[in-house]
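**Student:** Take this sequence and fold it.
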Amino acid sequence: MHKSFASIPRSFVYALQGLVFMLRSQPNAWVHLLATLGVCAAGLYFGLSRGEWLWICVAIVMVWSAEAFNTALEQLADALHPERHPGIGRAKDLAAGAVLIAASGAAVIASWCSGRMSAG
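**Tutor:** Residues are numbered from 1 along each chain as shown. Purely as a prediction, here's the structure:
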């Protein structure tokens, strides 16, 4: 099926609606937002190099993508099977674990950059 160029803006609207839903429904998204703003402010203050900004951007994208996939999986699972189910619970735990992995990796990157910032 071939989409017209006219449908592209609509796709962005749907994507933005999803991001707004994530921010409104997921308390951890606010933690990620505050961390994103704090890291960006610190990076500007300390004058990160181009390469360091690249790593920071990768970390930020990694965490936000994991959180969005986690939220999508939770919403889909709850819509398809509202009752508690051990298999769905494990899937949700795994998705949350993926966010933890991404956030941990981002913390390592931020620590590396902050070590460089405080050293130089």
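**Student:** quick one: residue 60 and residue 106 touch, right?
**Tutor:** Yes. Judged on Cβ atoms under 8 Å, residue 60 makes contact with residue 106 at a distance of 7.0 Å. C-beta here means a position set from N, CA and C on the backbone, and glycine is covered the same way.
**Student:** quick one: which of those two has more around it?
**Tutor:** With other Cβ atoms under 10 Å as the criterion, residue 60 and residue 106 differ in neighbour count, and residue 106 comes out ahead with 24 against 19.
**Student:** The more buried one: which element?
**Tutor:** With elements taken from DSSP states H and E, the one containing residue 106 is helix 86-119.
**Student:** Quick one: mean pLDDT over that helix.
**Tutor:** The average of the pLDDT scores along helix 86-119 is 89.
**Student:** for it, which positions count as buried?
**Tutor:** Of all the residues in helix 86-119, those buried under the rule 16 or more other Cβ atoms under 10 Å are 88, 92, 95-96, 98-99, 102-103, 106, 109-110, 113, 117.
**Student:** again, but for stretch 33-47
**Tutor:** Within stretch 33-47, the residues scored as buried using 16+ other Cβ under 10 Å are 35-36, 39, 43.
**Student:** just to revisit the earlier point, closest one to residue 28 out of the buried residues of helix 86-119, please.
**Tutor:** The closest of the buried residues of helix 86-119 to residue 28 turns out to be residue 99 (Cβ to Cβ; 7.2 Å).
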